[in-house]
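In: the following block contains a protein sequence and its predicted model.
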Amino acid sequence: MSGESGAPKPHGTDSAASIGRVGHGARGIAYEEPLLFERSRPGREGCRVPASDVPSVVAADRLGAAAVREDLPGLPELSEVEVVRHFTRISTWNYAVDLGLYPLGSCTMKYNPKLNEVAASLPGFAHAHPLQPASLSQGILALLHDLERHLAEVSGMDRVSLQPAAGAQGELAGVMMIRAYHESRGDRRSKVLIPDSAHGTNPASAALSGYTCVSVPSGPDGLLHPEQVAEAMSEDVAALMLTNPNTLGLFETHVLEICEIVHAKGGLVYGDGANLNALLGIARPGDLGIDVMHFNLHKTFSTPHGGGGPGAGPVGVKNSLAPFLPVPVVRRLGGSEGEGFALDYEFPRSIGRLHANFGNVGMLVRAFAYLRSLGPDGLRRCGEMAVLNANYLLARLATAYAPATTGPVMHECVLTDRLFEGTGVTTMDVAKRLIDHGYHPPTIYFPLIVHGALMIEPTESESLEGLDQFVAALLEIAREAREEPDLVRGAPHHTRVSRLDETRAARRPVLRWQPAGER
Amino acid sequence: MSGESGAPKPHGTDSAASIGRVGHGARGIAYEEPLLFERSRPGREGCRVPASDVPSVVAADRLGAAAVREDLPGLPELSEVEVVRHFTRISTWNYAVDLGLYPLGSCTMKYNPKLNEVAASLPGFAHAHPLQPASLSQGILALLHDLERHLAEVSGMDRVSLQPAAGAQGELAGVMMIRAYHESRGDRRSKVLIPDSAHGTNPASAALSGYTCVSVPSGPDGLLHPEQVAEAMSEDVAALMLTNPNTLGLFETHVLEICEIVHAKGGLVYGDGANLNALLGIARPGDLGIDVMHFNLHKTFSTPHGGGGPGAGPVGVKNSLAPFLPVPVVRRLGGSEGEGFALDYEFPRSIGRLHANFGNVGMLVRAFAYLRSLGPDGLRRCGEMAVLNANYLLARLATAYAPATTGPVMHECVLTDRLFEGTGVTTMDVAKRLIDHGYHPPTIYFPLIVHGALMIEPTESESLEGLDQFVAALLEIAREAREEPDLVRGAPHHTRVSRLDETRAARRPVLRWQPAGER
Amino acid sequence: MRFVPNTNADVATMLERIGVPSVEALFSPIPARARLSRALDLPPGASEQEVLAELGTLAGRDASLASHRYFLGAGVYPHFIPAAVDALASRAEFTTSYTPYQPEISQGTLQAIFEWQTMICGLTGLDVANASLYDGASATAEAALMAMRLTRRPKIVISAGLHPHYRDVLGTYVGGPGGKVVSATRSQDGRTCALASLVDEETACIIVQQPAFLGVLEDLAAAEAVAREHGALLIVCVTEALSLALLRAPGDLGADVVCGEAQSFGVPMGFGGPHLGLLAARAAHVRQMPGRLVGETVDGQGRRGFVLTLSTREQHIRRERATSNICTNQGLMLLRATIYLALLGPRGLRRLAELNFAKAEYAKAQVARTPGLRLPLAAPTFNEFVVGVPDSGAAALARAQSAGIVGGLDLAPYADDLGPAVLVCTTELVSRSDIDRLLAALAGSGR
Amino acid sequence: MRFVPNTNADVATMLERIGVPSVEALFSPIPARARLSRALDLPPGASEQEVLAELGTLAGRDASLASHRYFLGAGVYPHFIPAAVDALASRAEFTTSYTPYQPEISQGTLQAIFEWQTMICGLTGLDVANASLYDGASATAEAALMAMRLTRRPKIVISAGLHPHYRDVLGTYVGGPGGKVVSATRSQDGRTCALASLVDEETACIIVQQPAFLGVLEDLAAAEAVAREHGALLIVCVTEALSLALLRAPGDLGADVVCGEAQSFGVPMGFGGPHLGLLAARAAHVRQMPGRLVGETVDGQGRRGFVLTLSTREQHIRRERATSNICTNQGLMLLRATIYLALLGPRGLRRLAELNFAKAEYAKAQVARTPGLRLPLAAPTFNEFVVGVPDSGAAALARAQSAGIVGGLDLAPYADDLGPAVLVCTTELVSRSDIDRLLAALAGSGR
Ligand SMILES: Cc1ncc(COP(=O)(O)O)c(C=O)c1O
Ligand SMILES: Cc1ncc(COP(=O)(O)O)c(C=O)c1O
């Protein structure tokens, strides 16, 4: 490995300074905090309801006593200061992108620009009602219209619906459009092909749409091979769901050929766009033969993950599928209809609605702000740097963590715990030990086809020296695994709670708090 | 002590659960972070400046090369994500009111309602220019006018100037008005009396106004006694500066008599309003004989302390001093002048200006929101609960930490380390050990007249059970002091850095970062 | 670049260490003819100042709570949001973290979800609640799918007052697994009638929206009896979650599942999203629930902690046999709602519900007194009700609009049997005089 | 009560444990006749919703950057503030913490101050900077007091272009310790002239504002020569801190002290405050500096950390002999500025300064071409300059105002020798077409 010495030393790892410090992390203070309900005391209040300016009415009189509830169990009584402290304290137990590298593979934990938050909080976006007249909503409709066009351009698709609330709902919309397409041609097909490396949402979405899933094995090189697809393909197959780059971080080199095979048998190709970040400005799914795909705006387009959402999963289609898009669609008026934008519900062949309104609009605003900030050059730079960073990690870690694949990867790399055989240290242990070093663990044990997978996606938000620090942590853990395996197996040591018993949680589920007497 | 058993146990202190936990705190992870300059890399950028829409000009051509600088040393080069992580990470090294009890005596670390922040960020307040025409500023002027009136009512003073930027500047304004008052009567006086328990800003402000400070000793009961004041009082004394409740947390019971003594000799009484919180709605400085006083809006009126400011230190006066108020003053127009508000600079006997504009307006808006939220009943409840909480702590801690005073205290109590004599444990050690228990230390070694003072001000923001937890921590530390003194003397143990060498910092001052080569 | 730290010098260093000549070379697995040979056709990137100016101009074209009074509900409710909700939910530790798969470093999110689950159980009167679904409509669809799995029956009977958009989404979702939706009809007073005639042994569930789309309160006891008789599940759908603070808990009235939308709890209207789908059920049905669940457990030293649990129901483990395809959900909205409910507490929430109710009762009384206006539906309501107007809904709303009021929903496309009418919602954000102004405008008598 | 947790039940428990019968009893040290026997005469407390509605109405009456274009500077500058500044500075760990007296639990604040000190040293070309003073005016007064202590001389000579408000504050401050202020006069081109005639062996310092109040750039070299000759200190006062990014560092030109206002660095105009007073000096003078200083040190294990230091200068230790009475300062504003400067970096800040400069140069060229407008002062400027108008400053500004423009400062009260004129400032927030619109309005030719 060249240049090892060139890597800047993480601050504070010199002899005297390193006591209690582990790489990027150190021992510190954690604040204890009980559950809201344990903090509750009768009579406390955290918010005052305005005084009434209308005659008072007794609900039971108007609605009947039986219709009105007596008490509100399950809500705590707390003052504002207590609520603020509660959530401030528990927030400190989370790791976050704003704290550092968050190398979760497949999740694209890139930096979420602060400007996006300001944009989304503008009252005309944040405090507008979806059913207010279109004449009072021209600003947001214009934005949605432009965002559709921009996403179409980035992906090489012809039309985009912004409605799906997350990637999985985008998949559902896409597979339903595929079904509607075939049915519109009087073609009833029952199967969907899904590579064995695919994300769980792919088979789940296909099944929810009423399809039978057929798994297609990846080759030993981690790639999907035309022969395998050809073998599985038939006139009963509605579609192949392809993730490209795939979940091993590899570009599906045979994608053009594979799409041709599927198309030749009348099938369509669904593109899982979760890994689009690698291709920004470099290649477009629509040019590769993909007929329909989803975007994860919370991955590629920098909307924050929010501890589990909200995301947004717009779906893009080729013209052949456009008649089936979910309603409503944003339409630019013109001619006799006048200027401006409207929502169009008159889409007779639409698969229907997927969302009570138009999707997670706040996330769409953020993604739009991001696109406007970056422009074509910036987007391309993101793709390039995401790929460069992943390849850099792979190069620097290859000798310590046997990689699952060879050759250049795209936006992420998959490593394994193979070299720790005999030490008792597993991928799970490495992941937990990273926490002590001040990092969130990578995605682990996914894709399922790799034994002991450590799936690392640095994204373009990381700097060279940030990567070097992370590499230093992983190399140190590799050393620990050999020399002090128990240190690694017992990790994390520095968190408020150590390794949690997930089996117990599932065996005896405790899914809500109950007062001591009622448990 | 009754009711010890009634105090709820802090969560997670049971046997098995207490490993690595100390009271309200626990061991956790801290994130390392170098200085901005150490993170800097040439060519990084965190903000893009808009493209120019005017002809470009070369500054050196227009201004001469000698007038234009070549480089900008001292500024780091970082991307936005790096800046965000830097400040997010270092923020986690701070304690805060939003994290818990912050018992700094004299500082009134009460809860800062979130609504105040929203109020202050309204564009008409946050993004208005102080010199824009009054016709464009009627909203903020109305607010300032009302706030003046409200503060006058709360304090029993006749007029208020909102201009001083903090308590100390309020003191300066007050003492200058006292000087102007005497001089306007042809009375040249040279001294100001200051009790020995006073805060350092009192003598500093008096000296800055050109007065000689004369210290008046407190009695053994911690109170100022009429005899002492009478003895020091003369026709050469311009004023007595009184803090009431005083810095021992005691109400100056003899205040009425003392003010009479001062007034009788032609002197005035300055009231340091830092401890006004105890008296809200219960007694008013203006009714006690105080002629001029300052408010600390960042203490009594809940504006956040911001890690050292900004605060706001309005000054209130009796009518006799009103002609000397700083300019400008907000005036309500009427009659032929029309409606509305204006800024009045025509105050011929004014001491002049203290601030480039009208003071820390953003803080004034927050204080106004607070006053409007609480109203008279809410304010009084604050005063009562602040005093109740302090007395509760005193009662529960009296046997373990010899109090400096007896009898009911007001908003704070002063304890000491007297009972640890022989253990080697001092107030400083107790303070630092509290950090391990998850608390910010109290004010220590102040007031100067108490040996080993621990000055604790809980404020009304604390709950009974929150106080009980804090008491439990202090009692545990008292036990540790006796049984494991080294544990206490070596504290804090859980912070990223342990006790810092303040002497070294002062002996060999390093006051800025310099590149390795240039140090 | 401001969001991408590496400079060209960094790139050179990295390429050297990787051992490739150029960034281009890393893309060698992409066949040349699959590459994009031109720059994307997008507007050039802009500075933050420019982007905000542009978006500010767009946002300035929309009506919002900052410019108008809102009497428009219909599934999305304008409520006051305490400042602490934004202040806390915007902490980076909450916004920029991922799904809490690694519990030791995600206890903040996990504890908040556990608290949310507890609160929703209390509000709905059920045993288990999940960590959110996309929105009320898809939550209703997921509830129906759950009932289909539990009963192995295909038919879904819905009340007359199920939000028409929810009905659409339900239709979209249940088609795949072979479900079919049958809608009951509305009686004269606005409530669902003749449910019994639709329910049979093929019926997986009855879904009743409470309060109904037109604001009326349905007779849940009647629905429960019908459901029990045929072994179908009773699903209660709630779009105005605040009503839960006043009305008897659906679980106490026999509901097996409660689904719906919790946007009213501290989530901005946001032109329709992101909102917060809620789902609660009886303990017996937990293994057929979709979405994430957080459970309590302990660490090696016996300290309490929280983890995602029962994930063998979920797509990332069970794949095509999962109870749902949902992955990313509405975590941050859940957090907002949890903070909101903690601030309001039981008494605050109840008082707020009573205030909303009282405003509606006042408004209805005024409608009854206003010439030209009618109350076409007689059934009791919570904070939303139908007002008949003299000319047309559109014309009446246009009059309100010129007084700076978004006056409600024109019912012409939804319920034209009621004559010209609008659906009006009164929350704590409208004052008595706002109500008076609205009614005058709707009647065409005022300004 | 929402900000006060204890309930009446809690109070009863506490009273019992304290052993007093009532809360009233705790106030026994207050003589009865000193008590307030009535409720305070204030408006009753209100809910958050009501307070925000009231304040929203008030704020809505004011012009602001949200409603107007601003060409008004004169010591307070409208600049763009990147979103990250608010996002970071609003973290509760920064806003709700106290002065970092306890360093082990305050390293966040301390490190940020140390970084600020470093940046200000770099920008000013001096060795030591403090952790902020209230504002530019009091910082200037403190600088003068510092010079008086260092030289033991009473006289303060100020340039013609010192901001008139600063001049007032200076006068207010230095009177107590016996200082006197003498102002130089303005030459025809706008710059200070004949300084030499005012400076003598009694002179503690010369204070020169750069750029001057009327926007012109002073000849600092000349001032330095005069100061040196008489052993006086040269103090350079900066109100538009952005100019430091373009102009040669004052320290490099011989300034002993730089004082002024750093509001331009990410601090909102805020109707005049809170802003950010800055002060930097040579190392030799550090012990006479007012205000807080942060220094580097180590802990017991040799790890780097930061502490407040040299506090024996300060009031809490030295009391009446302190170098200043300042205690609470402008910590959070300092943090904002530190974040702002870290985001802009050397190249961004320079580019921004150049952009401001270029806009002013463009505007001046247009003024020269616009009939009715004049440039009465010939000296070079940065981003602010005087425009002569045809009728009166007030009338010209009123015309701008009706085009939604806050057009500058009417100079009638400040510099009536220039004829009818306004002081105009061009920052990055105004576009070329805004400038054209302004000039048309000022000239009375447009609209
Ligand atoms: C490869 C892949 N596909 C699909 C998804 C599902 O997307 P979402 O979570 O937005 O529903 C994910 C999300 O983790 C993913 O990584
Ligand atoms: C008793 C007392 N007086 C005066 C002051 C000075 O107030 P400020 O810090 O607002 O200048 C303080 C502040 O700590 C104080 O506690």
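Out: Perfect, thanks for sending it. Ligands and ions are numbered 1, 2, ... in the order given.

In: setting aside sequence neighbours, what's the nearest residue to residue 76?
Out: Just going to use chain A. A:S40 (3.6 Å; Cβ to Cβ, 6 or more residues apart in numbering or on different chains). (Each C-beta comes from the backbone N, C-alpha and C, glycine too.)

In: should've been chain C
Out: Spatial nearest neighbour of C:V76, chain neighbours left out: C:M269 (5.2 Å); criterion: Cβ to Cβ, 6+ apart.

In: and the residue of the stretch 51-200 of chain C closest to chain A?
Out: When scored by Cβ to the nearest Cβ, the stretch 51-200 of chain C has C:G122 as its residue closest to chain A, at 1.6 Å.

In: tally of neighbours for that residue?
Out: Counted with other Cβ atoms under 10 Å in any protein chain shown, the neighbours of C:G122 add up to 26.

In: I'd say the residue nearest to A:P76 and A:S79 touch.
Out: No: A:S40 lies out of contact with A:S79 (Cβ atoms under 8 Å); the separation is 10.6 Å.

In: and those two? which has more neighbours close in?
Out: More crowded of A:S40 and A:S79, by other Cβ under 10 Å: A:S79, with 27 against 18.

In: do you know the pLDDT at the residue nearest to A:P76?
Out: Looking at A:S40, its pLDDT is 96.

In: quick check: phi and psi at it.
Out: Dihedral pair for A:S40: phi -60, psi 140, per degrees, to the nearest 10.

In: got a list of what it touches?
Out: For A:S40, the contacting residues are A:P76, A:E77, A:L78, taking Cβ atoms under 8 Å, 6 or more residues apart in numbering or on different chains as the criterion.

In: contact partners for the nearest residue to A:H298 once chain neighbours are set aside?
Out: Leaving aside its sequence neighbours, A:H298 sits nearest to A:G311 (Cβ to Cβ, 6+ apart; 3.6 Å). The contact partners of A:G311, taken as Cβ under 8 Å, 6+ apart, are A:A165, A:A166, A:G167, A:N296, A:L297, A:H298, A:K299, A:T303, A:H305, A:N360, A:M363, C:T328.

In: so of those, which ones are in helices?
Out: In this view, those that belong to helices under DSSP state H are A:G167, A:L297, A:H298, A:K299, A:M363.

In: ok, the residue nearest in space to the middle of chain A to C:V386 distance?
Out: What sits nearest the mean C-alpha location of chain A, by Cα atoms, centre = their mean, is A:C107, with 4.7 Å. Here the distance between A:C107 and C:V386 works out to 46 Å (Cβ to Cβ, to the nearest Å).

In: check C:I158 too.
Out: Using Cβ to Cβ, C:I158 is found at 19 Å from C:V386.

In: can you check A:I194 too?
Out: When distance is defined by Cβ to Cβ, A:I194 is 48 Å away from C:V386.

In: among the contacts of A:G311, who's most crowded?
Out: For the contacts of A:G311, neighbours were counted using other Cβ under 10 Å, and A:N360 has the most, 36 neighbours in all.

In: and the pLDDT for it?
Out: Here the pLDDT value assigned to A:N360 is 98.

In: now swap in A:L115 and tell me
Out: pLDDT, A:L115: 98.

In: how about the contacts made by it?
Out: A:A369, A:S373, C:E48, C:V51, C:L52, D:P82, D:A83, D:A84.

In: again, but for A:G309
Out: A:G309 sits next to A:A166, A:H298, C:T99, C:S132, C:P274, C:T328, C:N329, C:Q330, C:G331, C:L332, C:M333 when contact means Cβ under 8 Å, 6+ apart.

In: stretch A:124-140 vs chain C: in contact?
Out: Yes: with Cβ under 8 Å from any Cβ of the partner chain as the measure, stretch A:124-140 is seen reaching chain C through A:124-133, A:136-140.

In: anything in stretch C:31-42 near chain A?
Out: Yes: interface with chain A: stretch C:31-42 contributes C:P31, C:R33, C:A34, C:R35, C:L36, C:A39, C:L40, C:D41, C:L42 (Cβ under 8 Å from any Cβ).

In: so which helix or strand takes in the residue in the stretch 201-350 of chain C positioned nearest to chain B?
Out: For the stretch 201-350 of chain C, the residue closest to chain B is C:G302, as judged by Cβ to the nearest Cβ, at 3.7 Å. Taking DSSP states H and E as the definition, C:G302 sits outside all helices and strands.

In: quick check, A:R39 in contact with A:E77.
Out: No: applying Cβ under 8 Å, one finds A:R39 not in contact with A:E77, separated by 9.1 Å.

In: quick revisit: so who does the residue nearest to C:V76 touch?
Out: Applying Cβ under 8 Å, 6+ apart, we find C:M269 in contact with A:A126, A:H127, A:A128, A:H129, A:P130, C:L65, C:V76, C:Y77, C:P78, C:Q263.

In: was I right to think the fifth one contacts A:N357?
Out: Same thing as A:P130. Yes: using Cβ under 8 Å, A:P130 is in contact with A:N357, at 4.1 Å.

In: what subset of the residues of stretch A:124-140 next to chain C is buried?
Out: A:124-132, A:136-140 (16 or more other Cβ atoms under 10 Å in any protein chain shown).

In: how far does stretch C:347-358 sit from its chain's centre?
Out: Distance of stretch C:347-358 from the chain centroid (Cα atoms, centre = their mean, to the nearest Å) equals 20 Å.

In: quick check, that stretch touching chain A?
Out: Yes: on the criterion Cβ under 8 Å from any Cβ, stretch C:347-358 is in touch with chain A at C:R347, C:G348, C:L349, C:R350, C:R351, C:L352, C:E354, C:L355, C:F357, C:A358.

In: got those as CSV, with neighbour count columns?
Out: Shown next, in CSV, are those (neighbours: other Cβ atoms under 10 Å in any protein chain shown):
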residue, neighbour count
C:R347, 18
C:G348, 23
C:L349, 24
C:R350, 20
C:R351, 20
C:L352, 22
C:E354, 19
C:L355, 22
C:F357, 27
C:A358, 22
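
In: ok so, going back, okay if I get the contacts of A:G311 as TSV plus distance to A:H199?
Out: Formatted as TSV, the contacts of A:G311 follow (distance: Cβ to Cβ, whole Å):
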residue	distance to A:H199
A:A165	17
A:A166	12
A:G167	8
A:N296	11
A:L297	17
A:H298	14
A:K299	12
A:T303	19
A:H305	16
A:N360	20
A:M363	20
C:T328	11
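
In: looking at the residues you listed, spot the one nearest D:S402.
Out: When the contacts of A:G311 are compared for distance to D:S402 (Cβ to Cβ), A:M363 wins out at 40.5 Å.

In: any idea how far chain C is from the closest one?
Out: 6 Å (Cβ to the nearest Cβ, to the nearest Å).

In: I'd assumed A:N296 was in contact with that residue.
Out: No: in this structure A:M363 lies outside contact range of A:N296 using Cβ under 8 Å: 10.2 Å.

In: list residues touching both of the two?
Out: Shared contacts of A:M363 and A:N296 (Cβ under 8 Å, 6+ apart): A:G311, A:A312.

In: which element follows the helix or strand bottoming out on mean pLDDT in chain C toward the C-terminus?
Out: Within chain C, no helix or strand scores below helix C:315-318, which has a mean of 85 by mean pLDDT, DSSP states H and E. Counting by DSSP H and E, the next helix or strand C-terminal to helix C:315-318 is helix C:331-369.

In: from the chain's centre, how far out does that next one sit?
Out: 16 Å.
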